[in-house]
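1. compute the structure for the input listed below.
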Amino acid sequence: MNAVATDLVVRLGDADVLDRVSLTLVPGEFACIVGPNGAGKTTLLRCIAGDLAPDGGVVQIDGRDVVGMSPEERAAARAFLAQTEREDIPYTVAEVVRFGTYLSTLDPDRQEERVTTAMDALAISEVSHRVVATLSGGERRRVALARTLSRATPLVLFDEPTDSLDIGHANIVMALLAAEARVGRTVAATSHDLNLASRHGDRVVILHEGRIVVDGPPSEVLTEATLSEVYACAVTVIAHPADGRPVVFI
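-> Modelled structure (predicted):
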C-alpha cells in the first residue's frame with residue numbers, strides 16, 4: 001500500500017512547520033525520517049496517518065485522500081504509534097496488545113498469533129498479566145509497540161519508536177520494523193538515533209526547518225557535510241566495519 005504526501009503545508013501561527021513537503025512511502029521499504037528538534041517529523045507522520053489535516057497539500061493512501069476516510073477506514077489502512085501515549089492505562093499488557101487487532105480481517109486464531117508473536121519479540125510476555133500503569137517507561141513503550149505491530153494493516157507508522165528504550169531493546173525494535181518491511185508492509189518511523197536509522201533503514205529522509213533536505217539510501221544521505229550543516233555541529237562519519245553503513249560521531 002503506497003502512501004503519497006504531496007506539497008504538504010502545515011502552519012503554526014506565522015511559521016510553516018511543513019513547507020511544501022512531498023514524500024512517497026512504498027511497500028517493502030523501511031523509511032527512517034530524521035532531523036533536529038522542531039524539524040517537522042512528528043507533524044509529517046501525523047499528516048500521513050490522517051490524524052492532522054494539513055493547511056495545504058494532500059496525503060493519499062492507495063489513491064484515497066486520507067482526510068476523507070472515516071476513522072474506521074483509516075484504522076483498517078494504517079497503524080500509528082504516537083510519540084506520547086497515556087500512562088494510566090487500567091488494562092493488562094495482554095489486553096492492550098490485543099487492542100491492536102481491532103477491526104482486523106484476520107481469523108481469531110491468526111489474530112491471537114500476532115499478539116503472542118509481538119509480545120514475545122518485545123520481551124513483554126512475562127509481564128502480560130500486569131496492569132500497564134505499573135510498568136516502567138521502557139516497558140510501557142514496548143507494550144505500545146507490540147500493540148502497533150499486532151495490527152494487520154498494510155501501512156505502519158512509528159513516531160520515535162525507540163524513545164525510553166535502552167540500546168539493546170532499541171536495536172531489537174528497529175530490526176523488527178525492518179523485518180516488517182521485508183514481508184511487504186509499508187513502514188516508516190521517525191528517529192533521533194542516526195546510527196539506528198543507518199543500520200536498519202532502507203532509506204533515510206532528513207527534514208530540516210519543515211523541508212526535506214535529502215532523501216535516499218543511508219550511505220548517500222548520512223554524510224559529514226549534510227549532517228554538520230543540518231545539526232549545526234561538527235559531525236564525523238565512518239563506515240561500519242561489518243557492513244559499510246555510515247556510523248555517525250560528534
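2. dig out what V21 forms beta bridges with.
-> L8 (DSSP bridges).
3. I'd say it and D7 touch.
-> Yes: in this structure, V21 is within contact of D7 by C-beta atoms under 8 Å, at 7.5 Å. The way it works is simple: take the backbone N, C-alpha and C, and place the C-beta from them, glycine included.
4. okay, strands next: where are they in this structure?
-> 3-12, 15-25, 30-34, 56-61, 64-65, 78-81, 155-158, 186-190, 203-208, 211-216, 236-239, 246-249 (DSSP state E).
5. one step back: residues shared between the contacts of V21 and D7?
-> Taking C-beta atoms under 8 Å, 6 or more residues apart in numbering as the contact rule, V21 and D7 both touch G57.
6. neighbour count for those two, which is higher?
-> Set V21 next to D7 and count neighbours by other C-beta atoms under 10 Å: V21 wins out with 24 against 13.
7. list the contacts of that one.
-> Counted by C-beta under 8 Å, 6+ apart, V21 has contacts 5, 7-9, 40, 44, 57, 207, 210-212.
8. excluding chain neighbours, what is closest to M1?
-> P154 (3.7 Å; C-beta to C-beta, 6 or more residues apart in numbering).
9. can you tell me which residues contact the one you found?
-> P154 neighbours (C-beta under 8 Å, 6+ apart): 1, 27, 77-78, 184-186.
10. next, count neighbours for the residue lying closest to E160 once chain neighbours are set aside.
-> Leaving out its chain neighbours, the residue that sits closest to E160 by C-beta to C-beta, 6+ apart is Q83, at 4.8 Å. For Q83, the count of nearby residues is 14 (other C-beta under 10 Å).
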